[in-house]
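pasting the structure only:
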Ligand SMILES: NC(=O)c1ccc[n+]([C@@H]2O[C@H](COP(=O)([O-])OP(=O)(O)OC[C@H]3O[C@@H](n4cnc5c(N)ncnc54)[C@H](O)[C@@H]3O)[C@@H](O)[C@H]2O)c1
């Protein structure tokens, strides 16, 4: 049974057949009509289009590309400092943002303010980084629903299909959440956002996720999880007022720890992947900013989060895709033949935990970048406390999809995944009132319903109405 498919971190990269060997491999079939190459081919074959029309199209495309590459904001999103030069070219090659970003101007500021406006007494105003991501979307929607002000920030990179991020953005847009397109390494943008809105909190979820992808593109982890985190904390410590920061660490920090269930008091100095090492480094960096500048900071160690609008690089997601297509799925087992298991945590439970962390976060104490007194520094596990073997995950999916999986069981390669995750959540229970309520079967049922609806809305709705 596979662990490598179930990254402990939610990093997920699934190996075998479904894993992303490059970001492009994760692209889904939806929205292929936007492929400009296909569009041009179709145009070429269409007799009613004159050569003149084609030349004009190429001219416009060339002008657009020139403007894109000359635009300062497009390069911003990759690296704003020369210190990134050693890895910036590979980063550019492998993780592109899906369109050029631009920000500033009075209309833009109006949208930023309106999105971040608090609509309930004592509500929070929250900057959510990674808002077009899986967890970020759910967190932003939940905050907006209860009347908090929310502004999103996301680079829309193509680690996995950006069209899924765009669909999440549309969902957020309909709920009144504006997502600014930009990179957390873009310090002028961060300063501007924190200047326009006196955010009370930052929910920092932007990161390079995935365990196995670190072997393909290590720089992207340094870029987002280390340089990006420092850039964010720099902006937060200089802001007036300093916001409280709640951010996503990961269960992967437990690495080679064998004591179970994993408790916050256990060792986290033996990471098994670069992803885990960058999250662990993030926890140490957070300590520094808390210590020197008085920033109130809470790290949440998520355990394999799943659910609707999830991440296509995670096992439950690409197993579903491959089972439906009749493609074989690769299920890893530990070298000694023992089970691989994950403490799968449903997205709604994670959202409750994260909102509770925001609600209980004390204010930062710094003024004009200077610490005025001790500030809160917390770390919590957010898991489900009931690890499930990967083989059981596959069986549940088979029942829900009514399709037998074609399983290939192989030994887990040494790629950074760990064999087992299991959260001790007593600290989060005590301080955050965190009580996960969704078991894997119930949560997967909701995921599968969403998946069928998202990728095949017509067939799914027709078959449902004819069977009801
Ligand atoms: N999903 C899980 O199981 C899980 C488990 C443990 C930890 N986490 C952590 O939780 C957070 C959210 O994870 P997710 O599953 O929603 O992942 P995700 O990839 O869906 O979301 C992350 C978002 O951040 C954006 N992003 C990445 N780098 C950026 C940058 N430099 N600037 C701006 N935006 C950037 C991406 O475009 C993406 O939309 C991450 O920090 C992840 O490491 C997730």
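Here it is on my side, so go on. This structure is a prediction, so every number in the text was calculated from the model and none was measured.

phi, psi for residue 401 please.
phi -90, psi -10 (degrees, to the nearest 10).

helix, strand, or coil at the residue nearest to it when sequence neighbours are not counted?
Of all residues not flanking residue 401 in the chain, residue 323 sits nearest, at 5.6 Å (CB to CB, 6 or more residues apart in numbering). To be clear about C-beta, it is placed using only N, CA and C from the backbone, and glycine gets the same treatment. Secondary structure, DSSP: H, G, I helix; E, B strand; the rest coil: residue 323 is helix.

residue 233: what's it in contact with?
Residues near residue 233 by CB atoms under 8 Å, 6 or more residues apart in numbering: 245, 285-286, 289, 295, 297.

what's near enough to touch the residue nearest the centre of the chain?
The centroid of the chain falls nearest to residue 133 when counting by CA atoms, centre = their mean (4.2 Å). Residue 133 sits next to 154, 165, 168, 205-206, 209, 311 when contact means CB under 8 Å, 6+ apart.

which positions in the stretch 201-350 of the chain make contact with the ligand?
205-209, 224, 228, 248, 250, 302, 304-305, 311 (CB under 6 Å from any ligand atom).

just the ones of the contacts of residue 233 in helices?
The helices, defined by DSSP state H, take in 285-286, 289 from the contacts of residue 233.

which one of those residues has the most neighbours?
With neighbours taken as other CB atoms under 10 Å, the top of the ones in helices among the contacts of residue 233 is residue 289, carrying 25 neighbours.

hmm, back to that, residue 143: which of the ones in helices among the contacts of residue 233 is nearest?
residue 286 (21.5 Å; CB to CB).

residues in contact with the nearest residue to the closest one once chain neighbours are set aside?
Using CB to CB, 6+ apart and skipping residues adjacent in sequence, the residue nearest residue 286 is residue 297, 4.5 Å away. Counting by CB under 8 Å, 6+ apart, residue 297 touches 233, 244-247, 286, 289-290, 375-378.

same question, residue 335
Contacts of residue 335 (CB under 8 Å, 6+ apart): 411-412.

show me which of the contacts of residue 297 is closest to the ligand.
Nearest to the ligand among those: residue 247, at 7.3 Å, using CB to the nearest ligand atom.

pLDDT below threshold where in the chain?
1-94, 97-101, 457-468 (pLDDT under 70).

what ranges do the strands span in it?
For the chain, strands defined by DSSP state E occupy the ranges 125-129, 149-154, 178-181, 201-204, 244-250, 297-302, 305-306, 328-333, 341-342, 345-346, 377-382, 388-389, 406-411.

one step back: quick one: the residue nearest to the centre of the chain from residue 309, how far?
Distance check for residue 133 against residue 309: by CB to CB, to the nearest Å, it reads 9 Å.

now for those two: what residues contact both?
residue 168.

distance of the residue nearest to residue 230 when sequence neighbours are not counted from residue 239?
Using CB to CB, 6+ apart and skipping residues adjacent in sequence, the residue nearest residue 230 is residue 285, 6.2 Å away. Using CB to CB, residue 285 is found at 17 Å from residue 239.

try residue 308
Distance from residue 308 to residue 239, by CB to CB: 34 Å.

buried residues, stretch 339-359. List them.
339-358 (16 or more other CB atoms under 10 Å).

hmm, I typed the wrong one, I wanted stretch 373-391.
375-385, 387-391.

for those, which one is nearest the ligand?
residue 382 (8.8 Å).
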